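# just coords:
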């Protein structure tokens, strides 16, 4: 990763993402991880649109998030991602969400995924999508 | 409509539907209208699952909502619907959302729709889906 | 728990909860767990509205979900919940989401929480809210 | 408005915003209008955070949207806004949402609002918040 070039995924929290406690509802962090994941896929050179053009989908097998410090409306956050445990079919992504406005670590999370075709059958990328396989291997354990 | 049988769509507001003002976010009313519309389709005998099995979709051409009284977490609301302006291809649905907990009219809304096939091409139901056409005509201007 | 009386939380998946894969977006399961949790709180006799009237809030400290079988639009699901690890300040809830339409276990999940006041300060329920403390202890490790 | 400086609100559609038809769910356009409105408030010099610091809220009195061309996952859209009908207490905002990826006008919409205090009582900005009043008047009927 060229440090000089990469900017981690970042945006402000929307008003409609807040809840009655005046903070961003916890379910939205799961959505933000998806935003960060798609941003990262594009950055490493295999955007999700290309995944779909390949006839693939990347459903979520598991998701988890530990909430440490709330994020409020209009606060700026940043998400760092790291690909973990890629075996050609499955992989995980770890996330670190920082509240830049409050200068606090806001949450850490993890999702795991599987490459499937449109019938939700698992696909071995090494054989069928070697370019995708290589891109993922090149970025394994690299922090973005 | 058999008055004795029909129960209007009704449920409580979820916590995650509230926003930082402590009231249900206005965008959710648009979603509630969809819930009520699908409930109504099932009641009149042409559930959305059957619409989809027919190879049809019902995208939204327009949506509008006038907000009169807020709904808060856990408050019970009810939605009355009425089919309007069905011409075989297009139709509208009008909604009246009542906050039963506060005993207030909460919102009135309207959506307009079109029957399309999976390529988003408009479909004349009179010719191609006469049963659907008849069900809609039978329920035109009937309040549910 | 009176087996004859209790009905687990259950509803159909809404159209707006589906995503481009034609299945319910994974983030909505996190929201469903909240729905089930609030339903359960009401059943055990300490509804969230009473929690709020007590000046308390129950933010989420962590959430996780393992996805096993997708849920599609209009499919009926049911959520069983069980309170775990209550220590007077913190607690966890475990969830089992079943797709009743497909007759498959759809997901298992877990959330952990903390009782706080409106300033997000942790509250010891044993001292300050003994009724709440007792209700939680009575329902610890009971499957609903 | 300095043409050289102003950039209309713009972003890509998120995956979780799509629905089973493979297009962005119509309810999200209502949320996008909020994003654009808040972006515009910041640009004209009275950000929503300042509104809240003044003890004010801006609930939505009505919202409407006409959908002309769908937006799909990852497509880039842009929203132009224009303040209309400001009378010191109420105002409207009109929106034009363009799908930049497809180079099509995607939707036009309108929301109307009211300035209220935290008890949801209407507030006359001319008397109580003259700076806000002036900022709004200066930007009335100006396209952003």
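Thanks, I have it. If you're wondering where the values come from, they're calculated on a predicted model, not measured in any experiment. Numbering: from 1, shown residues only, chains lettered A, B, ... in the order given.

# if I pick the residue in chain A that chain C sits nearest to, what's in contact with it?
Across chain A, no residue is closer to chain C than residue A:64, which sits at 3.6 Å (C-beta to the nearest C-beta). (C-beta placed from N, C-alpha, C; glycine too.) Neighbour list for residue A:64: A:109, A:110, A:111, C:62, C:63, C:64, C:65 [criterion: C-beta atoms under 8 Å, 6 or more residues apart in numbering or on different chains].

# now the second one: how far from chain D?
If you measure residue A:110 against chain D using C-beta to the nearest C-beta, to the nearest Å, the figure is 18 Å.

# show me where chain A has helices.
Taking DSSP state H as the criterion, chain A contains helices spanning A:27-44, A:48-53, A:125-128, A:130-138.

# Distance to chain D and mean pLDDT for these - can I get that in CSV?
Formatted as CSV, those follow (distance: least, C-beta to the nearest C-beta, whole Å; pLDDT from 0 to 100):
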stretch, distance to chain D, mean pLDDT
helix A:27-44, 5, 97
helix A:48-53, 5, 92
helix A:125-128, 20, 94
helix A:130-138, 17, 97
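
# Only the buried residues of the helix or strand bottoming out on mean pLDDT in chain A, if you could.
Sorting the helices and strands of chain A by mean pLDDT, DSSP states H and E puts helix A:48-53 at the bottom, at a mean of 92. Buried residues in helix A:48-53, counted by 16 or more other C-beta atoms under 10 Å in any protein chain shown: A:48, A:50, A:51, A:52.

# Now do residue A:9: how many residues are near it, please.
The local packing of residue A:9 (other C-beta atoms under 10 Å in any protein chain shown) involves 21 other residues.

# May I have the beta-bridge partners of it?
Judged by DSSP bridges, the bridge partners of residue A:9 are residue A:79.

# is it true that it touches residue A:42?
No: using C-beta atoms under 8 Å, residue A:9 is not in contact with residue A:42; the gap is 10.1 Å.

# Now for the residue nearest to residue A:29 when sequence neighbours are not counted: which residues touch it?
Nearest residue to residue A:29 in three dimensions, chain neighbours excluded: residue A:65, at 5.0 Å (C-beta to C-beta, 6 or more residues apart in numbering or on different chains). Counting by C-beta under 8 Å, 6+ apart, residue A:65 makes contact with A:26, A:29, A:30, A:33, A:95, A:107, A:108, A:109, A:110, C:62, C:63, C:64.

# And the pLDDT for residue A:65?
On the pLDDT scale, residue A:65 is placed at 98.

# any idea how far the residue of chain A most remote from its centre lies from residue D:85?
Distance to the chain centre peaks in chain A at residue A:20, reaching 26.6 Å (criterion: C-alpha atoms, centre = their mean). Distance, residue A:20 to residue D:85, using C-beta to C-beta, to the nearest Å: 31 Å.

# repeat for residue A:142
Per C-beta to C-beta, residue A:142 is found 53 Å from residue D:85.

# Check residue A:9 too.
Distance from residue A:9 to residue D:85, by C-beta to C-beta: 38 Å.

# Give me the most central residue, chain A.
Note: chain A centre (C-alpha atoms, centre = their mean) maps to residue A:37, 2.4 Å.

# Quick one: residues contacting it.
Residues near residue A:37 by C-beta under 8 Å, 6+ apart: A:81, A:93, A:111.

# Out of those residues, which end up buried?
Burial by neighbour count, judged by 16+ other C-beta under 10 Å, picks out A:81, A:93, A:111 from the contacts of residue A:37.
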